[in-house]
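Novice: need the 3D shape of this:
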Amino acid sequence: MFEIGIGDQGIVIIAGRLDAAQTEKAQAFLDSIEGLAVMDCGGLEYISSAGLGVLLRTQKRLMSGGGKLKLTNVNPHIHNIFRYSGFDHIFEVEVSTG
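Specialist: The predicted structure is shown next:
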């Protein structure tokens, strides 16, 4: 199961598994985001390389307009994926402490 939407204070909420089967839905949603976007990843259970590609395309587009994508509430497993892929240097990442 995968869900993405806007929560309180305009924060993007993402939950479930962001894999190749969900990239079209995720990209279509993220294409509507502008400026400085905060994404709460607390419910994100899994991200594939295809999912990483969606986030990277979104980050590049936002940065070209002076914005960025900030990832918050990232669980340690997902954070490890970001670290191993080098994406922790591309995104501002806040790891969950719970």
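
Novice: remind me which residues of this structure are low pLDDT?
Specialist: 98 (pLDDT under 70).

Novice: now the helices: where do they sit in it?
Specialist: Assigned by DSSP state H, the chain shows helices spanning 23-30, 49-64, 76-85.

Novice: report the angle between the shortest one and helix 49-64.
Specialist: What that stands for is helix 23-30. 20 degrees (axes from the mean of the first three to the mean of the last three C-alpha atoms, to 10 degrees).

Novice: which residues does helix 23-30 contact?
Specialist: Contacts with helix 23-30, where a contact means C-beta atoms under 8 Å, 6 or more residues apart in numbering, come from 2, 4-5, 12, 14, 18, 50-51, 53-55, 57-58. (Glycine included, C-beta is placed from N, CA and C.)

Novice: circling back to that earlier point, could you export the helices of the chain as a markdown table, including distance to residue 43 and mean neighbour count?
Specialist: Conversion of the helices of the chain to a markdown table gives the following (distance: least, C-beta to C-beta, whole Å; neighbours: other C-beta atoms under 10 Å):
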| stretch | distance to residue 43 | mean neighbour count |
| --- | --- | --- |
| helix 23-30 | 13 | 16 |
| helix 49-64 | 14 | 17 |
| helix 76-85 | 11 | 15 |
